[in-house]
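Visitor: what shape does this take:
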Amino acid sequence: MKVLFVCTGNTCRSPMAEVIFNETYHKAEASSRGLYVQRGSILSPEAKKILLREYGYNENREAEEILDGDVVKADYIITMTEAQKMEIRRRYGGEKVFTLKELAGETGDVMDPYGMEEEVYIRTFSEIRTLIQSIQDFEKFRR
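Guide: All right, here's what the predicted structure looks like:
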C-alpha cells in the first residue's frame, strides 16, 4: 500500500506524517508532497529537530510539489486540511482523498506550525502521530 501525505509547502506537517507513518507501519510505504511548494524549500529546522529526537531521522530533504504521477501511484492521499482535500479533488478527482482527521474519525484540520515556535511544532507532531496511530484501516500494516 502506498500513502501520500499532502500539506501546503511540504516542509512541516506532511514530512512529519511521512516519517511517523513509515516508522509505525512497516508493511506499507508513505511519501509526502505539497500543494504550493517554494523552489528550494527544505524540511523546517523545527520539524527536523523533532524527527531526529523521536526517530533518528536526519535527512536534508527538499520539498516536493504534488504531481500527476504521485496521485496515480497512491492508494490513499491524506491531507492536513479540508481545503487541501478539496483542492486535490478539484485537480485530480477524489475517491482516495481524505483528511487525516477524517480517517481517524475526527473533524477539523491539523494546524500549520510554519513560522511558529518549537512548542507549536511539538504539539502538531504529537497530534499527527496520535491521529496516524489511531487509523483502524492501517492496523494490518504494523510490524
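
Visitor: ok, which stretches of the protein are strands?
Guide: Taking DSSP state E as the test, the strands found in the chain are 2-7, 29-34, 76-79, 97-99.

Visitor: nearest to residue 108 among these would be which one?
Guide: Nearest to residue 108 among these is strand 97-99; the distance by C-beta to C-beta comes to 8.3 Å. (Each C-beta comes from the backbone N, C-alpha and C, glycine too.)

Visitor: run the chain-centre distance for that closest one.
Guide: When distances are taken as C-alpha atoms, centre = their mean, to the nearest Å, strand 97-99 is centred 11 Å away from the chain's centroid.

Visitor: for stretch 82-94, same thing?
Guide: Mean-position distance between stretch 82-94 and its chain equals 15 Å (C-alpha atoms, centre = their mean).

Visitor: number of nearby residues for residue 69?
Guide: 8 (other C-beta atoms under 10 Å).

Visitor: I'd like the distance between it and residue 23.
Guide: 25 Å (C-beta to C-beta, to the nearest Å).

Visitor: kindly report the same for residue 136.
Guide: Residue 136 sits 19 Å away from residue 23, going by C-beta to C-beta.

Visitor: neighbour-wise, which of the two wins?
Guide: When residue 136 and residue 23 are compared for neighbours, residue 23 comes out ahead with 16 against 9, by other C-beta under 10 Å.

Visitor: excluding chain neighbours, give the residue nearest to residue 10 in space.
Guide: Excluding the flanking residues, the one nearest residue 10 by C-beta to C-beta, 6 or more residues apart in numbering is residue 34, at 3.1 Å.

Visitor: what about the one you found, distance to residue 70?
Guide: Distance, residue 34 to residue 70, using C-beta to C-beta: 11 Å.
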